[in-house]
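J.: only geometry, no sequence info:
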């Protein structure tokens, strides 16, 4: 097989990898905020349910969660899902899994803000929403950025787990090519593409972190 053909197949798989990555961030980042708020809720049932959800998501393999979402509707409810269900199941699986991790990171950032800042904002006449968006959130974003960056990098690599649902992302393509060509070259190329993409993500995160340096603790 020509190198150009191999690259074309790998890059076509990378399109799915990129779709999983973007979809997960778009869904998990805002959902993580709700998870964090639920985890910190003073209403015990909400806090307990959220804590259980986080425990399950972090305590079981993502691969198992993806398979449960893929096959659960049929084996548990007898529902015949369409051909596109694997993409939906993949998106849901990644989003709910990463929302649990993001939620805990958000929570640690929010709880790191001294109580005195809330009290000072109240004295100045800020509402609770204004206090969170204008005073707390900018500090939280800066404090959690390194931890969030680690999770985002991990997400890039975890997209390869979509192969268990039969999604032809880049790792699946590399695996098929390696088997057909009896060669490690497809794996090497795929690894290089993962590394380059992660390097770009790192550069973006570093740039964001530098822009936030105007704010000092």
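T.: Perfect, I can see it now. As the structure is a prediction and not an experimental result, all values here were calculated from the model.
J.: sec struct for residue 38, please.
T.: What DSSP: H, G, I helix; E, B strand; the rest coil gives for residue 38 is helix.
J.: that one contacts residue 50, correct?
T.: Yes - Residue 38 lies in contact with residue 50 (Cβ atoms under 8 Å); the separation is 3.6 Å. All C-beta atoms are positioned from the backbone trio N, CA, C, and that covers glycine.
J.: who touches both of the two?
T.: Taking Cβ atoms under 8 Å, 6 or more residues apart in numbering as the contact rule, residue 38 and residue 50 both touch residue 103.
J.: low-confidence stretches in this structure?
T.: By pLDDT under 70, the low-scoring segments of the chain are 1, 214-217.
J.: helices along the protein, start to end?
T.: For the chain, the helices defined by DSSP state H cover 3-39, 44-59, 62-77, 85-111, 115-123, 128-130, 137-158, 170-181, 185-211.
J.: didn't residue 117 look like it was pressed against residue 136?
T.: Yes - contact criterion Cβ under 8 Å: residue 117 and residue 136 qualify, at 7.1 Å.
J.: got any residues that touch both of the two?
T.: With Cβ under 8 Å, 6+ apart, residue 117 and residue 136 have no common neighbours.
J.: contact partners for the residue nearest the centre of the chain?
T.: Closest to where the C-alpha atoms of the chain average out (Cα atoms, centre = their mean) is residue 98, at 4.2 Å. Residues near residue 98 by Cβ under 8 Å, 6+ apart: 24, 28, 32, 151, 155.
J.: which of residue 117 and residue 136 has more residues huddled nearby?
T.: Just comparing residue 117 and residue 136: by other Cβ atoms under 10 Å the higher neighbour count belongs to residue 136, 18 against 13.
J.: run a quick neighbour tally on the residue nearest to that one when sequence neighbours are not counted.
T.: Nearest residue to residue 136 in three dimensions, chain neighbours excluded: residue 113, at 5.3 Å (Cβ to Cβ, 6 or more residues apart in numbering). Using other Cβ under 10 Å, residue 113 has 17 other residues around it.
J.: same check, this time on residue 197
T.: Neighbours of residue 197 under the rule other Cβ under 10 Å: 19.
J.: same thing with residue 144?
T.: Neighbours of residue 144 (other Cβ under 10 Å): 19.
J.: and for residue 106?
T.: Residues lying near residue 106 (other Cβ under 10 Å) number 26.
J.: what's the answer for the one 3 residues further on, then?
T.: As a burial measure, residue 109 scores 21 neighbours (other Cβ under 10 Å).
J.: you'd agree it is up against residue 146?
T.: No - look at residue 109 against residue 146 with Cβ under 8 Å: they stay out of range, at 10.7 Å.
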